[in-house]
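Chemist: Sequence and predicted model, in that order:
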Amino acid sequence: MVRTENDTWEITESVGATALGVAAARAAETESENPLISDPFARVFLDVVGDGIWNWFAAPDLPDELLEAEPQLPDQMQSMVNYMASRTAFFDTFFLDAARAGVSQVVILAAGLDARAWRLPWPDGTTVYELDQTKVLEFKASTLADHGAEPTCRRVPVAVDLRHDWPAALQQAGFDPSAPSAWSVEGLLPYLPAAAHELLFERIQGLAAPGSRIAVEAPGPDWMDEGVRAQRRERMDRIRAVMAKVEPERDMPRTDELWYFEEREDVGEWLRRHGWDATVTPSPQLMAGYGRGIPDGVEDTSPRTQFVSAVRSAN
């Protein structure tokens, strides 16, 4: 799963498989007794691809051997579902607020299996540009079409690798940089090298007119903390070792092998420095605000990220 320059993937491979994992978490939340979000299409994607490690969150019965080795695992798995639900609610609210404020151009970077173009109540006249690799966009669109689903907006897929010249592709698809726009950077930044991270925001800066908005899931202050990384790796290795014995057919990849652990500027600070009015909310605070905090006595293994929302000033 180690990344290479200009690598590509099927929906069940590498970065694509992580999109299925997020879909599984959204499906688990949607099907819960008191859901924070509603994503009826997440289950559709999972049913099409069949069983895989992405169904981890939907597994009601974990092997006894695993529970003996990791007794907190069910609570920790639930905390990850809570994290993904809170993340989804954050971006859903961001986009609907922007649309109600009159922003009619929406850009979803690394759209993955995000089905907002189908499930959110977009105002008439809204155009949603979805940027991702060709195979991912084709799988999503064809699967939902086969399911009889229709977008609730004018959806424009832009098949492009975000490491390439995506601003040109976006404008060729009809995006107007002179009009305000709303942008999301969700589940993306760890998968970009630091230089590509910087370039991404420089390009957004060049396309976002005054009055534009952006929402970002950003690495937290402990992103480069060696102790945190070692703890995460040690815990995953324990789980992998047990699973290799009880379910050898179920390979558990190391997701962090897909990430680039490189120093990068704090996103909130970068945006403020470039003329944006930014608000930064640490993930534990966001989750607690949605009533999805971590239970007392449970080791919190949810991502230590920051959720940033910002509006570009008129000056």
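Modeler: Alright, I've got the coordinates. Residues are numbered from 1 along each chain as shown.

Chemist: quick one, what contacts the residue nearest the centre of the chain?
Modeler: For the chain, the residue sitting closest to the mean C-alpha position, by Cα atoms, centre = their mean, is residue 187 at 2.9 Å. With contacts defined as Cβ atoms under 8 Å, 6 or more residues apart in numbering, the neighbours of residue 187 are 18, 19, 22, 87, 110, 112, 217. From N, CA and C alone the C-beta is placed, and that goes for glycine too.

Chemist: Give me the phi and psi for it.
Modeler: Dihedral pair for residue 187: phi 60, psi 30, per degrees, to the nearest 10.

Chemist: can you list the contacts of residue 187 in TSV and add distance to residue 304 and pLDDT?
Modeler: TSV is the format used below for the contacts of residue 187 (distance: Cβ to Cβ, whole Å; pLDDT from 0 to 100):
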residue	distance to residue 304	pLDDT
18	17	77
19	21	82
22	17	89
87	13	97
110	20	94
112	21	91
217	11	97
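
Chemist: I'd like to know which of the residues you listed are part of helices.
Modeler: 18, 19, 22, 87 (DSSP state H).

Chemist: could the contacts of residue 187 be laid out in CSV, adding distance to residue 165 and neighbour count?
Modeler: Putting the contacts of residue 187 into CSV (distance: Cβ to Cβ, whole Å; neighbours: other Cβ atoms under 10 Å) gives the following:
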residue, distance to residue 165, neighbour count
18, 25, 22
19, 23, 24
22, 27, 21
87, 28, 25
110, 16, 22
112, 21, 25
217, 24, 22
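
Chemist: want to try a markdown table for those, with distance to residue 129 as columns?
Modeler: Conversion of the contacts of residue 187 to a markdown table gives the following (distance: Cβ to Cβ, whole Å):
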| residue | distance to residue 129 |
| --- | --- |
| 18 | 22 |
| 19 | 18 |
| 22 | 20 |
| 87 | 21 |
| 110 | 12 |
| 112 | 14 |
| 217 | 19 |
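
Chemist: Can you tell me which of those residues comes closest to residue 245?
Modeler: residue 18 (24.9 Å; Cβ to Cβ).

Chemist: Just give the nearest non-adjacent residue to that closest one, would you?
Modeler: Nearest in space to residue 18, with sequence neighbours left out and distances taken as Cβ to Cβ, 6 or more residues apart in numbering, is residue 255 at 6.4 Å.

Chemist: how about the strands of this protein, start to end?
Modeler: Secondary structure of the chain by DSSP state E: the strands cover 105-109, 127-132, 154-159, 182-185, 213-219, 276-282, 305-312.

Chemist: can you tell which of these is closest to residue 68?
Modeler: Short answer: strand 305-312, nearest of the strands of the chain by Cβ to Cβ, at 30.9 Å.
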